[in-house]
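S.K.: got a predicted model here, sequence first, then my questions.
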Amino acid sequence: MRLALREAFAAFRRAPLLSALGVVTIAFSLFAFGLFALVALNIRSALVAVEERVEIRAFVAEGTSVEAVAAAMGDIGSFPEVAQVLYVTPEQALERARSELGEFADVFESAFLPASMDIRLRPGFRDPATVRGVASRLSTYEFVDDVRYGQEWVQKLYDLRTLATVTGMGLGVAFAAVAVIIIGATIRTAVLARSREIWIMRLVGATDWFIRAPFLIEGFMKGVLGGALALGLTWLAHRTISRNFIETVFFDTDVALLGVLVGALMGFLGSMFSVGRHLRQV
Amino acid sequence: MIRLHNVGKEYPRTGVALNHVTFQMKKGEFVFVTGPSGAGKSTVLRLIYMDEKPTHGEVRVSGLTSRTASRHEIAMLRRKLGIVFQDFRLLDDRTAEANVAFALEVTGTPRAAIPPKVNRALAQVGLASKATRYPKELSGGEQQRVAIARALVNDPFVVLADEPTGNLDERATRGIFQLLRDINATGTAVLMATHDLDLVRSTNARTLEMNHGRVVYDSSESVESVLELEE
């Protein structure tokens, strides 16, 4: 094991340019993937923020007793889909309408708006079918005059989210595949550059595992370095965009570390396949 | 020790390389394999160090048979063989001593045991004073000596030399040949493929002559008996 480690480090020393090229190639292919993941993450968090505004409003008929509304609210609050139920009095409704309409506030000078129950849904229950289901259950209450939830808007939001997810996954797989291919080719170049050494090792009786070990360690180290470099570049991109264009979110520490680990794994597996393939040929 | 029995080797692209080759080599023997280019000399050597397996027949080396040898067993076998090539096959980015030490390192020899073995092998081939030179700083003959030192460092029971003097001038050729004779004198068998007939005639060592993938003459027995064995 000590020799394998020493040989892996020696490979960096003996061919610094090729090793640096390998690390940079891994870094850039993971950086491209990281940038894409960053865009996907920010689109997703923007959609989540918009989704949080999905709300069902059940208008309460004039003259309904407070007890009846309170009982219904308790009932509705226990629906598994429901996160929160708020009672909005006619005065609060008027105040809200005025503040939302700004310069047209005087339109509501003497208007009367009905009281309502405003229902927010839990994450994961904001799709059109669930929203429709909850709305229709609300309309079964006798004192509920009308139920509104912006049906068209919810459907569009849902479609957008589905599109973003499918596109994101498709592009993510494509980017990851390109990264794997580039990393594999880089490591294969490193293996071919040392084919003479591998051949001599086989000739003097080194076992396959002994030949593989330094390459696996080398691939792992290149993957870690490339992954860390890619993470740094992605963070720089995130800071630049946040400062100059639009506030963006960055990966959690866990996800960032996972990214570096994926780089290391790619380096390791790339080496394993490249050396394995080479050994089968010599 | 080494036994080829009715061995044939065919390649998909180039066809038959060996046909009904049968011979044995005893412990400590010096054997020349001669013949023109394409006669099958190198193929015989490759089959002995099990870089390839025969298409038919059997190669048996130190108890290991080509019929069942696994990659791991072949690796273990090669630790007991010393292999030398015409083009030396040294690592240019390592010194002579590092090239020799490489054969020990990659076979798991304890670190402390490596320097004395390397020094002994380099001394044996007369290159103790040039241990720290890189291959490019050495003459062809000296590079071949480094390759021989690498072959010897694991104390092989046989040295397989494939045209070891093919790239050398006459003087260096004599030196390398004498070195192989000296190695043989210490009890290590040598199987040397060469087309240098002057070299072959200069000794009374056993000679196997090959042509068109067949052994056509074995100086240790009559041609008739070889053909009999083939039958």
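M.R.: Great, that's in hand. Numbers count the residues shown, from 1 in each chain, chains lettered A, B, ... in the order given.
S.K.: so what's the closest residue to residue A:155 other than its chain neighbours up against?
M.R.: Nearest in space to residue A:155, with sequence neighbours left out and distances taken as CB to CB, 6 or more residues apart in numbering or on different chains, is residue A:128 at 4.8 Å. C-beta coordinates here come from the backbone N, C-alpha and C atoms, glycine included. Listed by CB atoms under 8 Å, 6 or more residues apart in numbering or on different chains, the contact set of residue A:128 reads A:151, A:154, A:155, A:158.
S.K.: if we use 6 Å, what do you get?
M.R.: A:154, A:155, A:158 (CB atoms under 6 Å, 6 or more residues apart in numbering or on different chains).
S.K.: find the residue ranges of the stretch 151-282 of chain A scoring beneath the pLDDT cut-off.
M.R.: Within the stretch 151-282 of chain A, the stretches with pLDDT under 70 are A:282.
S.K.: residues of it that sit close to chain B?
M.R.: With CB under 6 Å from any CB of the partner chain as the criterion, the stretch 151-282 of chain A meets chain B at residues A:201, A:203, A:204, A:205, A:206, A:207, A:208, A:210.
S.K.: which of those residues fall in helices?
M.R.: Counted as lying in helices by DSSP state H, out of those, are A:201, A:203, A:208, A:210.
S.K.: spatially central residue for chain A, please.
M.R.: Nearest to the mean C-alpha position of chain A, by CA atoms, centre = their mean, lies residue A:41 at 4.0 Å.
S.K.: before we move on, what SS does that residue have?
M.R.: helix (DSSP: H, G, I helix; E, B strand; the rest coil).
S.K.: can you get me a residue count around the residue lying closest to it once chain neighbours are set aside?
M.R.: Of all residues not flanking residue A:41 in the chain, residue A:249 sits nearest, at 6.3 Å (CB to CB, 6+ apart). By other CB atoms under 10 Å in any protein chain shown, 13 other residues sit near residue A:249.
S.K.: now swap in the one 3 residues further on and tell me
M.R.: Look at residue A:252: counted by other CB under 10 Å, it has 10 neighbours.
S.K.: measure it to residue A:258 for me?
M.R.: 9 Å (CB to CB, to the nearest Å).
S.K.: next one: residue A:44 from chain B, what distance?
M.R.: Distance from residue A:44 to chain B, counting by CB to the nearest CB, to the nearest Å: 49 Å.
S.K.: buried ones in the helix or strand that contains that residue?
M.R.: Per DSSP states H and E: residue A:44 is located in helix A:16-51. Under the neighbour-count criterion of 16 or more other CB atoms under 10 Å in any protein chain shown, helix A:16-51 has A:18-19, A:22-38, A:40-43, A:47, A:51 buried.
S.K.: then stretch B:138-146?
M.R.: B:138, B:140, B:141, B:142, B:143, B:144, B:145, B:146.
S.K.: JSON lines for those, including pLDDT and distance to residue B:86?
M.R.: What follows is the buried residues of stretch B:138-146, written out as JSON lines (pLDDT from 0 to 100; distance: CB to CB, whole Å):
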{"residue": "B:138", "pLDDT": "97", "distance to residue B:86": "16"}
{"residue": "B:140", "pLDDT": "95", "distance to residue B:86": "10"}
{"residue": "B:141", "pLDDT": "94", "distance to residue B:86": "13"}
{"residue": "B:142", "pLDDT": "96", "distance to residue B:86": "15"}
{"residue": "B:143", "pLDDT": "96", "distance to residue B:86": "11"}
{"residue": "B:144", "pLDDT": "96", "distance to residue B:86": "9"}
{"residue": "B:145", "pLDDT": "96", "distance to residue B:86": "14"}
{"residue": "B:146", "pLDDT": "97", "distance to residue B:86": "14"}
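S.K.: and those residues, which of them are in helices?
M.R.: B:140, B:141, B:142, B:143, B:144, B:145, B:146.
S.K.: got a list of what the last one touches?
M.R.: Pointing back at residue B:146 there. Per CB under 6 Å, 6+ apart, neighbours of residue B:146: B:90, B:96, B:99.
S.K.: do that again at 7 Å, thanks
M.R.: Contacts for residue B:146 (CB atoms under 7 Å, 6 or more residues apart in numbering or on different chains) come out as B:90, B:96, B:99, B:100, B:127, B:135, B:138.
S.K.: and what of the fourth one?
M.R.: With contacts taken as CB under 7 Å, 6+ apart, residue B:143 has the following neighbours: B:88, B:90, B:135.
S.K.: hang on, the first one packs against residue B:147?
M.R.: What that stands for is residue B:88. Yes - using CB atoms under 7 Å, residue B:88 is in contact with residue B:147, at 4.6 Å.
S.K.: which one of the two is surrounded by more residues?
M.R.: Each of residue B:88 and residue B:147 has its neighbours counted (other CB under 10 Å); residue B:147 has more, 28 against 20.
S.K.: re earlier: from residue B:203, how far off is the residue nearest to residue A:155?
M.R.: Taking CB to CB, one finds residue A:128 at 95 Å from residue B:203.
S.K.: could you do residue A:127 as well?
M.R.: 91 Å.
S.K.: over to residue A:181?
M.R.: 57 Å.
S.K.: what does residue B:216 give?
M.R.: According to CB to CB, residue B:216 and residue B:203 sit 20 Å apart.
S.K.: same question for residue A:73.
M.R.: The gap separating residue A:73 from residue B:203 is 110 Å, by CB to CB.
S.K.: who's more crowded, those two?
M.R.: Neighbour count, other CB under 10 Å: between residue A:73 and residue B:203, residue A:73 has more, with 17 against 12.
S.K.: now the more buried one: which helix or strand?
M.R.: helix A:66-77.
S.K.: got it, and residue B:6?
M.R.: strand B:2-11.
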